[in-house]
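Student: Please work out how this folds:
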Amino acid sequence: MTSDLPATPDFRVGTLNVHVFVNSTGNSNVKALASILGPLNLDVLAVEEANNNKNWKSLCDKLSLTHTAFGAIHGTSYGNAIASRHPIVEHYSQNSSTNPVGGYRAMLRCRFGGDHSFVQNRRFAVTHLDHLNEDDRLTQI
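Tutor: This next block holds a predicted model:
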């Protein structure tokens, strides 16, 4: 059976915990991450445990994700981030009102502009769920 509907272009989303862009030996892992993620040709990358610094900017540059938003957790330079090929027309970071066992949490939400059908009338979000306590995870959701 064939469809008369036009094909929707691919829209690729990736998410990962970047562990502040440090590998197990204490060195930057930006080049390694870019070599893994680059071939995926992502439209959007959402990350947790990011610092809003040169490593984040370098990863975005290497992946040609020119539009970014960063959501600090409780006023720090540490948090969640989103990078995109599509313009970010609105973003908002909301801190969790709870203090989970695993540390403070926040959610970064955004809305994209552009003409890709997948970004129309949608919001995207990234959060880092508590890893130690299921009740805290459920509260976050």
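Student: any low-confidence regions in this protein?
Tutor: Scanning the chain for pLDDT under 70 picks out the ranges 1-3, 5-7, 97-103, 129-141.
Student: Check it and tell me which residue is nearest its centre.
Tutor: Taking C-alpha atoms, centre = their mean as the criterion, Ala46 is the residue nearest the geometric centre of the chain, at 1.4 Å.
Student: Figure out the helix or strand that it lives in.
Tutor: In the assignment (DSSP states H and E), Ala46 maps to strand 44-51.
Student: all helices for the protein, in order.
Tutor: 30-37, 54-62, 134-140 (DSSP state H).
Student: Could you export those helices as JSON lines, including distance to Ser84 and mean neighbour count?
Tutor: Where C-beta positions appear, they are placed from N, C-alpha and C, glycine not excepted. Converted to JSON lines, the helices of the chain look like this (distance: least, C-beta to C-beta, whole Å; neighbours: other C-beta atoms under 10 Å):
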{"stretch": "helix 30-37", "distance to Ser84": "14", "mean neighbour count": "15"}
{"stretch": "helix 54-62", "distance to Ser84": "9", "mean neighbour count": "17"}
{"stretch": "helix 134-140", "distance to Ser84": "23", "mean neighbour count": "13"}
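Student: Dump those to a markdown table, plus distance to Ser93.
Tutor: Shown next, in a markdown table, are those (distance: least, C-beta to C-beta, whole Å):
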| stretch | distance to Ser93 |
| --- | --- |
| helix 30-37 | 22 |
| helix 54-62 | 15 |
| helix 134-140 | 14 |
